[in-house]
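Visitor: Would you be able to build a 3D model of this:
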Amino acid sequence: MTMRWAGVSGGGVGGSVADIATIDVDSVVNQATLRVGDTLRAYHRHRVRGLRNLRKAFETDRPVLLVGNHCADIADPLMLTTAVYRDTGRVLRFIAHGGFFFKLPVIRELATGWGCVPNRSKAAADAVLRTDGALVIYPGGASEALLRSYREEPYRLKWAGRLGFIELALRHKATLLFVSAVGIDELYYQTRLPIPSLALQFTTGDANRYAGARFGLGLGGLHILPALLPLPVQVTHVISRPLVLDEDVDVWDREAVERVHADVWAACQRTLRGSVRRRRRDSDRIDSLCRNLMRGFEKVGI
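Guide: Got it, this is the predicted structure:
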């Protein structure tokens, strides 16, 4: 099976957009990626709720923009995109960190092959929504994933000043859906040990910006490589109904965009908190054990 994507070159705003390129989902690399996604889904007893909302959005003539909470690992988006592909036959493209996903060997090839888009490129995001009609963005980005204290700010959306996804949705009159990812804050236990600046520079390209990020611990030890034996917590994605946007808002009116952003941010945070609360009713024993152990580690200050 082949999918048609917008090939994008250049990582910054105004980067050039190449001709339409074809990415083969049946390629060896992409099939291996799907198998890893299937394996992670089994390991985390992964579920997706609200797929009907996504299928209905795909049936319209509007592009679809999905936004969600973020953690410092690729297991979360990989499970989501695998589940959506298995259900709908469509591959979701993600906005990905330009330093980590497009500079490190192997990961760069995987990200490019799966159709990820470098962040900070309005041209790339516009091209994907025009040609493919669907895109996933984590507005909090690496800052939300790396700098947030998971024990003090669990499932907190850090979207201050992140207006880009609102502007994108308004420009394209896109259907905006929020995806609550429940369980991802517990994929790794976040310690109080800071990641050395040299390691941050190598993985993110900006040690100063992400100074203060802390090491995580999984079953494989320190969280150095993505999806390397995370803890066996249960992960659930909940896709919301479309969020209502005032399409008459002038995208060039910053104050108006900021008001829309504040309303959307608040609505998404409420939705995420509700999804996290519901987890307590249907969490399995392994998941409950992992979270109880984490709380114990936190009490002794590890």
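Visitor: Checking Phe165 next. Helix, strand or coil?
Guide: Under the three-state scheme (DSSP: H, G, I helix; E, B strand; the rest coil), Phe165 adopts helix.
Visitor: I'd say it and Pro139 touch.
Guide: Yes - contact criterion CB atoms under 8 Å: Phe165 and Pro139 qualify, at 5.1 Å. All C-beta atoms are positioned from the backbone trio N, CA, C, and that covers glycine.
Visitor: Give me the common contacts of the two.
Guide: By CB atoms under 8 Å, 6 or more residues apart in numbering, Phe165 and Pro139 have these common neighbours: Val67.
Visitor: next SSE after the lengthiest helix in the chain?
Guide: Longest helix in the chain, counting residues (DSSP state H): helix 254-282. Next helix or strand after helix 254-282 toward the C-terminus (DSSP states H and E): helix 285-299.
Visitor: quick check, distance from that following helix to the centre of its chain.
Guide: 24 Å (CA atoms, centre = their mean, to the nearest Å).
Visitor: which parts of that helix are buried?
Guide: Judged by neighbour count (16 or more other CB atoms under 10 Å), helix 285-299 contains these buried residues: Asp287, Cys290, Arg291, Met294.
Visitor: related to what we said a few turns ago, list the helices and strands the longest helix of the chain packs on?
Guide: helix 164-172, strand 175-182, strand 236-239 (3 or more CB pairs under 8 Å, 6 or more residues apart in numbering; DSSP states H and E).
Visitor: Taking strand 175-182 as reference, get the angle to it.
Guide: 40 degrees (axes from the mean of the first three to the mean of the last three CA atoms, to 10 degrees).
Visitor: Helices of the stretch 101-250 of the chain, start to end?
Guide: Counting by DSSP state H, counting those that start in this stretch, the segments of the stretch 101-250 of the chain that form helices are 107-113, 122-131, 141-146, 164-172, 197-204.
Visitor: Dump the third one to CSV, restricted to CA.
Guide: Taking C-alpha atoms only, helix 141-146 is exported to CSV below (Å, rounded to 0.1, in the frame of the first residue of the first chain):
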residue,chain,number,x,y,z
GLY,A,141,6.5,19.8,22.5
ALA,A,142,9.8,18.7,24.1
SER,A,143,9.4,21.3,26.9
GLU,A,144,6.2,19.7,28.2
ALA,A,145,7.8,16.3,27.8
LEU,A,146,11.2,17.0,29.3
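Visitor: where are the low-confidence patches of the chain?
Guide: Within the chain, the ranges that satisfy pLDDT under 70 run 1-23, 97-109, 111, 114, 120.
Visitor: before we move on, the earlier item: ok, which of the helices and strands packed on helix 254-282 comes nearest Val64?
Guide: Between Val64 and those, the shortest gap by CB to CB is with strand 175-182, which sits at 5.0 Å.
Visitor: circling back: quick check: which of the helices and strands packed on helix 254-282 is nearest to Gly274?
Guide: With CB to CB as the criterion, Gly274 lies closest to strand 175-182 of the helices and strands packed on helix 254-282, at 8.0 Å.
Visitor: what's next to that closest one, contact-wise?
Guide: With contact meaning CB under 8 Å, 6+ apart, strand 175-182 is reached by 53-54, 57, 60, 62-71, 76, 80, 136, 155, 169, 235-243, 245, 264, 267-268, 271-272, 274-276, 278-279.
Visitor: Of those residues, select the buried ones using a ChimeraX command.
Guide: If you want just the buried ones from the contacts of strand 175-182 in ChimeraX, going by 16+ other CB under 10 Å, the selection is:
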select :53,54,57,62,63,64,65,66,67,68,69,70,71,76,80,136,155,169,235,236,237,238,239,240,242,243,245,264,268,271,272,275,276,279
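Visitor: returning to what we had before: what's the closest of the buried residues of helix 285-299 to Gly218?
Guide: Cys290 (10.5 Å).
Visitor: who touches the closest one in this structure?
Guide: Glu186, Leu231, Pro232, Val233.
Visitor: The first one: how many residues sit nearby?
Guide: Just to be clear, that refers to Glu186. Other residues near Glu186 come to 22 when the count uses other CB atoms under 10 Å.
Visitor: before we move on, what about the last one?
Guide: Residues near Val233, counting by other CB under 10 Å, number 25.
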